[in-house]
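**Student:** Next come a sequence and a model predicted from it.
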Protein chains: 2
Amino acid sequence: METTGRAPTRREVLHAIGLMGGAAVLYQAMEAMGHAAESQFAGPPNLSGARPGASVLVLGAGLAGMLAAYELGKAGYKVQILEYNNRPGGRNWSLYGGDTYTELGGATQKVGFAPGNYLNPGPWRIPYHHRTLLHYCKAFGVVLEPFIQLNHQALVHSSKAFGGQPKRYRELAADWDGNVAELLAKAIDNKGLDSTIVAADRDRLKEALREWGILDKDMRYAKNLRTARRRGYDRPLGGGVDGAPIASQPFALTDLLDSDIGGIIASHMESQHQTTMFQPVGGMGMIGKAFGKQVADKIRYNAKVTKIDQSGGAVTATYTDVATNTVQTAKADYCVCTIPLGILSQIELDASAGLLSAIAAIPYSNSVKVGLEMKSRFWEDDEAIYGGMSFTDRPISLVSYPSNGMHSAGPAVLLGAYIYGPASYRFAGMTPQQRIAEALEDGAVLHPGRYKENYMSGATVAWSRVPFTLGCCAQWNEDTRKEHYQTLVAVDDRIVLAGEHASYIGCWMEGALLSSLDAVTRLHKRALEA
Amino acid sequence: METTGRAPTRREVLHAIGLMGGAAVLYQAMEAMGHAAESQFAGPPNLSGARPGASVLVLGAGLAGMLAAYELGKAGYKVQILEYNNRPGGRNWSLYGGDTYTELGGATQKVGFAPGNYLNPGPWRIPYHHRTLLHYCKAFGVVLEPFIQLNHQALVHSSKAFGGQPKRYRELAADWDGNVAELLAKAIDNKGLDSTIVAADRDRLKEALREWGILDKDMRYAKNLRTARRRGYDRPLGGGVDGAPIASQPFALTDLLDSDIGGIIASHMESQHQTTMFQPVGGMGMIGKAFGKQVADKIRYNAKVTKIDQSGGAVTATYTDVATNTVQTAKADYCVCTIPLGILSQIELDASAGLLSAIAAIPYSNSVKVGLEMKSRFWEDDEAIYGGMSFTDRPISLVSYPSNGMHSAGPAVLLGAYIYGPASYRFAGMTPQQRIAEALEDGAVLHPGRYKENYMSGATVAWSRVPFTLGCCAQWNEDTRKEHYQTLVAVDDRIVLAGEHASYIGCWMEGALLSSLDAVTRLHKRALEA
């Protein structure tokens, strides 16, 4: 810990405890300080004292690989990174106007977005509790701005509800709470819960339900100005002569159930979607670029690894330089391998049978994103939707409105589809143009008369066709966690795996980074003990 | 409507309908287009054809007065504004480092904040549905950024709950939903609602409750990894060897009732607090400054109006130039008076008995704000709280964390108190230093060991002591609305009142602006008919 005149920060205390006593003690300390629930991150690792000349080969210049290289380099290791792409970041990536992207199968897109506009094909939002990522964003100068997840004014569309007419989230969410409150209050009155709720709490609960669910004096959720204050008015409040508002009619329970609003509220309340979320100014790819700058001297681009050997007291990777089509090798004492499992399972890897079978056992999910550039921000100008997302039961699943540049003029890019599950494979089978066309059809149910009319250009990425991952991210289940997880993350002679697939925060950058910190900490220990 | 090659926007259509048919037709059209619930604003008024030489005197250079001057000026009127302060904006106002503020009673504060830091003594957030304000912010070049209202990671403190220990909003809100869901599902099973919910919906509701309230297979809200995903973990998800999470124990219903979490959720869901909210980059006062630029040539500052006469076919205002202490007069054909009612009731006003009694009948609320500059953003660094607010049942009522400059270093200003009700008068009775000291004591319950320790300097405004308003904003009730509202907003011979007090959106800038637009539209009509 630094010695300064001031009191140590909580983080410094935790870091010091972590150095002294390891994870278990650290966890107890965090719990005692009331912050256990935020993150396992307690500051960067303190890897000092690498043996002179010791070297590490890092495979993959995604966030996990670059963080490993950065921290191992600080510890004194000689580090080289081999990266298949000609850019840093891996799945952390933004597509800008002028960019070209060729997917597996050969379809090439030239992105036509206006300057400043982008699509984030992969990660697109950062939760507040992803402390490792936030720490390195600050350390590496990545400027962040709020990402809006929940928007009360955005739309919810279900083909099964309201005759297919989209409704505002605020209307549905208000009416859900109101209906639930009214029903529970009635059940209490009906003595239906006398054996469950102690008498002293029954009236207190009714009072709380009245406030939470905006019930009237008869404990009903009804059409009045109080409920309109939450769900919206038929005529909103104004000024002057016609300033008086007019209340709106709540929806019936059966319609609310059709709309699946309960599930949509639940999704917004998950920790990954809780406020306050962030995105980098200029696109998510700014993070990959910033990490790339820190390890620029260590990365060899265009290097497609074909074989990993760890005989003879060293790790040797054979790779093809895809720019020159020449086969080469790179050698080091140790290796941090961050290659996604679907790719790694196709590479000749010299490792324990357990690790090989773990690598082969974990499937990858697919997802498809579509970015649609629109002439103007009609969702802001005409509908007062600023950021956040509308939901639909159509395959696109959602339309996300840009959280950047809100309230400005000019063309803007919507995330016009975030397709997962079976539909994602159907979309991946289409040409990019077909995906964009279907996304426009689907999105038009949310903004009829505006959506297709404002469309300028699009870009789409189907992750099952992304050459460097062949999928979106690792899909663990309870069985595979039990059988393979500890084997997958263990140091295997001289090699350790890292990446979101070697974490419990699958599919998130934070998982990749925490996995990387844990991997390099253990590899360093292994190297010092060797 | 302009003729361009493109289809008219929804707003242009509404504007055209408004011109043709007035408010009632406009409202029907808005309703038909599904947007009635957003705002009564349908574009700026189209006031053309003022009689040559016709003049209007505007009293007050707050937002209502400046907008009136701007629109009447565009219509061809000769407009002059008299303003008591030496700046535009009125209650729209930010205090920056170096500013001096003297309250009624004589206490003077010299603000010591670092450059870029500020306190917004008055308005501090803009809802997405305040379309008039958003329109003019765009038109006048005010750059906006998101204002974070709801923060799941922020704290809720009640002296009556958890032995006075603050808890995270996410924990309490998750457990509220979970408890409500479990109880309602149980009531359905107990047949307590068979006569209320049709059979076909009972099972559907239970399924929806299971998802919304994260109930387990036995329909219980319990300690498990699914509930932890919403309320937070004892050990969060991580990467590598120790990546597996540990669930957390939900709170009991009786503790939740103690905490008043139902009421706090309800407050977040009100339309004024729904996402997405905004604030101007650089402080709320940027709006007043931007409006001021548009009418800079029309404003006479330091003008304290003492008498308003409307005899002889003109309006004459007598005022004291407080800089030179000289008495002067200003004369025009008509007058838009935006002086707050508590001040106006003390001015000799030549108006109908009805208007005078309306002016006298409406009391003003008080509130007290305290801005506290802290050495560092410890709430972000140590607790992952970015923007939003923590609540307490102490007099300060809340601590609001800055939504600007999140994730940056250096000193930052917290809104350390937003005091209303009886406590606001007790605080107004203190010296500024005493208010700040008590705000520090109260806020320390939320951040013990960090709050007082990081404090650098403070500023406070008690609205009952603000010389130009003598209060916060007008407090209407159902009776006064019935008896006085239409009289207050009616054109009284040559004078019309405008401001938040002449609207149904009391205390909000939007109310002042909509009131102003309505007032000038009617005054213009009156002038043309004269």
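**Tutor:** Arrived safely. Predicted, not measured: the structure shown is a model, and the values here were computed from it.

**Student:** Tell me who's in contact with residue A:450.
**Tutor:** Residue A:450 sits next to A:378-379, A:382 when contact means CB atoms under 8 Å, 6 or more residues apart in numbering or on different chains. Using the backbone N, CA and C atoms, a C-beta is placed for each residue, glycine as well.

**Student:** wait, which of the residues you listed is closest to residue A:506?
**Tutor:** Distance to residue A:506, by CB to CB, is smallest for residue A:379 among the contacts of residue A:450, at 31.5 Å.

**Student:** Which element, helix or strand, includes residue A:331?
**Tutor:** strand A:326-332 (DSSP states H and E).

**Student:** which element is residue A:430 on?
**Tutor:** Counting by DSSP H and E, residue A:430 is part of no helix or strand.

**Student:** Neighbours of the closest residue to it other than its chain neighbours, how many?
**Tutor:** Once flanking residues are discounted, residue A:430 sits nearest to residue A:438: 7.2 Å by CB to CB, 6 or more residues apart in numbering or on different chains. Per other CB atoms under 10 Å in any protein chain shown, the neighbour tally for residue A:438 reads 21.

**Student:** With residue A:162 instead?
**Tutor:** By the criterion of other CB under 10 Å, residue A:162 has 17 neighbours.

**Student:** do residue A:187 as well
**Tutor:** Neighbours of residue A:187 (other CB under 10 Å): 22.

**Student:** And for residue A:477?
**Tutor:** Residue A:477 has 9 neighbours, counted by other CB under 10 Å.

**Student:** try residue A:291
**Tutor:** For residue A:291, the tally of surrounding residues (other CB under 10 Å) stands at 28.

**Student:** before we move on, what about the one 5 residues further on?
**Tutor:** Residues lying near residue A:296 (other CB under 10 Å) number 10.

**Student:** which SS class is residue A:304?
**Tutor:** Three-state call for residue A:304 (DSSP: H, G, I helix; E, B strand; the rest coil): strand.

**Student:** I figured it hits residue A:323, correct?
**Tutor:** No. Residue A:304 lies out of contact with residue A:323 (CB atoms under 8 Å); the separation is 10.2 Å.

**Student:** What lies in contact with the strand holding residue A:331?
**Tutor:** A:55-57, A:78, A:80, A:82, A:300, A:303, A:306, A:314-321.

**Student:** interface residues of the stretch 401-530 of chain A facing chain B?
**Tutor:** Within the stretch 401-530 of chain A, the positions near chain B by CB under 8 Å from any CB of the partner chain are A:403, A:406-407, A:453, A:481, A:485-486, A:489-490, A:498, A:502-505, A:511-519, A:522.

**Student:** May I see the PyMOL selection of the buried members of these?
**Tutor:** What follows is the PyMOL syntax for the buried subset of those, where burial is set by 16 or more other CB atoms under 10 Å in any protein chain shown:
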select buried, chain A and resi 403+406+407+485+489+490+498+502+503+504+505+511+512+513+514+515+516+517+518+519+522
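
**Student:** Any figure for the gap between the closest residue in space to residue A:483 that isn't next to it in sequence and residue A:338?
**Tutor:** Leaving aside its chain neighbours, residue A:483 sits nearest to residue A:361 (7.2 Å; criterion: CB to CB, 6+ apart). Distance, residue A:361 to residue A:338, using CB to CB, to the nearest Å: 18 Å.

**Student:** Looking only at neighbour counts, state which of the two leads.
**Tutor:** residue A:338 (31 against 16).

**Student:** tell me the contacts of residue A:219?
**Tutor:** By CB under 8 Å, 6+ apart, the contact list for residue A:219 reads A:182, A:185-186, A:189, A:206, A:209-210.

**Student:** for residue A:351, same thing?
**Tutor:** Here residue A:351 is in contact with A:308, A:310, A:492-493, A:495 (CB under 8 Å, 6+ apart).

**Student:** In strands, which of the contacts of strand A:326-332 fall?
**Tutor:** Within these, residues falling in strands by DSSP state E are A:55-57, A:78, A:80, A:82, A:300, A:303, A:306, A:315-321.

**Student:** between these, which has the most around it?
**Tutor:** Going by other CB under 10 Å, residue A:56 tops the ones in strands among the contacts of strand A:326-332 with 28 neighbours.

**Student:** Check what pLDDT it gets.
**Tutor:** Per-residue pLDDT puts residue A:56 at 98.

**Student:** Give me the distance between it and chain B.
**Tutor:** Note on residue A:56: its distance to chain B, by CB to the nearest CB, to the nearest Å, is 16 Å.

**Student:** wait, that residue sits on residue A:76?
**Tutor:** No. Checked against CB under 8 Å, the pair residue A:56 and residue A:76 is beyond contact range at 10.5 Å.

**Student:** State the number of residues packed around residue A:248.
**Tutor:** Residue A:248: 21 neighbours (other CB under 10 Å).

**Student:** what do you get for the one 10 residues further on?
**Tutor:** One way to gauge burial is a neighbour count; for residue A:258, by other CB under 10 Å, it gives 18.

**Student:** Pull the contacting residues for the closest residue in space to residue A:75 that isn't next to it in sequence.
**Tutor:** Residue nearest to residue A:75 in three dimensions, not counting chain neighbours: residue A:47, with 3.6 Å by CB to CB, 6+ apart. By CB under 8 Å, 6+ apart, the contact list for residue A:47 reads A:71-72, A:74-75, A:520-521, A:524.

**Student:** what do you get for residue A:184?
**Tutor:** By CB under 8 Å, 6+ apart, residue A:184 lies in contact with A:205, A:209, B:180, B:183-184, B:187.

**Student:** now the contacts of residue A:47 in TSV, with neighbour count and distance to residue A:171?
**Tutor:** Listed next are these as TSV, based on neighbours: other CB atoms under 10 Å in any protein chain shown; distance: CB to CB, whole Å:
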residue	neighbour count	distance to residue A:171
A:71	21	49
A:72	29	54
A:74	16	53
A:75	20	56
A:520	29	50
A:521	19	50
A:524	24	55
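
**Student:** Please enumerate the strands of the stretch 1-150 of chain A.
**Tutor:** For the stretch 1-150 of chain A, strands defined by DSSP state E, counting those that start in this stretch occupy the ranges A:55-59, A:78-82, A:95-96, A:100-102, A:108-110, A:118-119, A:144-147.

**Student:** a markdown table please, covering these and showing distance to residue B:62.
**Tutor:** What follows is the strands of the stretch 1-150 of chain A, written out as a markdown table (distance: least, CB to CB, whole Å):
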| stretch | distance to residue B:62 |
| --- | --- |
| strand A:55-59 | 61 |
| strand A:78-82 | 60 |
| strand A:95-96 | 44 |
| strand A:100-102 | 53 |
| strand A:108-110 | 52 |
| strand A:118-119 | 41 |
| strand A:144-147 | 29 |
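
**Student:** Residue A:370 is nearest to which of those strands?
**Tutor:** When those are compared by CB to CB, strand A:118-119 sits nearest residue A:370, at 8.0 Å.

**Student:** Can you get me the start-to-end distance on stretch A:76-95?
**Tutor:** End-to-end distance of stretch A:76-95 (CA to CA, to the nearest Å): 35 Å.
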